[in-house]
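> from the sequence below, what's the structure:
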Amino acid sequence: MGGRDKLLEDIDGVPLLRDRAITCLNAAVDAVRVVLPPDRLEHRQALSGLNVEIVVNEASGLGLSHSLNVGLHGLTADAALIVLADMPDLTTTHLDKVVAAAKAHPLAKALRGSDHSGKAGHPVMIRKALFSEMAQLEGDTGAQPVLRRHKAETVLVPIGPAALRDLDTPEDWAEWRARR
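Sure thing, here's the model as predicted:
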């Protein structure tokens, strides 16, 4: 990002991280947990006043898989809806669609938002049955190895292009802003 922090990029007058947290808080979920690195005070400030549980990942340099494990650690819920903060097009409606699909498919181990052609993306809901497998992951692969192993037990939920659009570079942000 050329020295910029993408989680603090402006989305309709608020930092992206806060916007994503609000989207999650407005969804049909029981609680929202946000995993943050220890050294980003401005991330905590962006979440100020929101009813979210902040979990500090002291080893955030170990990659996305470690952050997922930290976020899942100690959860007693039957499932977790994973929402990446750099996907600004995901709406509460999209999240609720995945939650509703989980209720309609109680035997699915995972549910994933997808584009309309069936390409899997986000958000991702994983059932508690996969938490222990997730805990074995390392590196920056996220949940992909576990999701690949359980592809046959995964339900895709068509939500459109928002399922695939993440913003990682200044060019991504410029293109996204130009379309709005």
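
> list the contacts of the top strand by length along the chain.
In the chain, taking DSSP state E as the definition, the longest strand is strand 120-127. Residues outside strand 120-127 that contact it (Cβ atoms under 8 Å, 6 or more residues apart in numbering) are 78-84, 87, 90, 94-95, 98-99, 102, 108-115, 134, 143, 146-147, 154, 156, 163-164, 166. (Each C-beta comes from the backbone N, C-alpha and C, glycine too.)

> which neighbours does it have in its sheet, and in what orientation?
Sheet pairing here is set by DSSP bridges, and for strand 120-127 it gives strand 79-82 (antiparallel), strand 110-114 (antiparallel).

> what's the first helix or strand after the shortest one?
What that stands for is strand 79-82. Using DSSP states H and E, the helix or strand that directly follows strand 79-82 along the chain is helix 92-104.

> quick one: that following helix to strand 110-114, angle?
Per axes from the mean of the first three to the mean of the last three Cα atoms, to 10 degrees, the angle that helix 92-104 makes with strand 110-114 is 140 degrees.

> elements contacting helix 92-104?
For helix 92-104, the elements it packs on are helix 16-25, strand 79-82, strand 110-114, strand 120-127, strand 154-158, judged by 3 or more Cβ pairs under 8 Å, 6 or more residues apart in numbering; DSSP states H and E.

> pull the CA atoms of the shortest one into PDB?
The C-alpha trace of strand 79-82 is given here as PDB (Å, rounded to 0.1, in the frame of the first residue of the first chain):
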ATOM      1  CA  ALA A  79     -19.700 -21.900  14.000                       C
ATOM      2  CA  ALA A  80     -17.600 -18.900  13.100                       C
ATOM      3  CA  LEU A  81     -18.200 -16.500  10.300                       C
ATOM      4  CA  ILE A  82     -14.900 -15.200   9.000                       C
END
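
> list the contacts of that strand.
Contacts for strand 79-82 (Cβ under 8 Å, 6+ apart): 24, 27, 29, 68, 71-72, 95, 98-99, 102, 122-128, 131, 143.

> the last one too?
Applying Cβ under 8 Å, 6+ apart, the set of residues contacting strand 154-158 from outside is 97-98, 101, 105, 108-116, 118, 120, 147.

> quick check: the farthest pair among these?
Lys109 and His116 (23.4 Å; Cβ to Cβ).

> more neighbours: these two, which one.
More crowded of Lys109 and His116, by other Cβ atoms under 10 Å: Lys109, with 22 against 10.

> so what's that one up against?
By Cβ under 8 Å, 6+ apart, the contact list for Lys109 reads Ile126, Arg127, Ala129, Leu130, His150, Glu153, Thr154.

> of these, grab the buried ones for PyMOL.
A single PyMOL command suffices to select whichever of those are buried according to 16 or more other Cβ atoms under 10 Å:
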select buried, resi 126+127+130+150+154
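
> what is the nearest of the contacts of Lys109 to Glu53?
Nearest to Glu53, judged by Cβ to Cβ, of the contacts of Lys109 is Ile126 at 18.0 Å.
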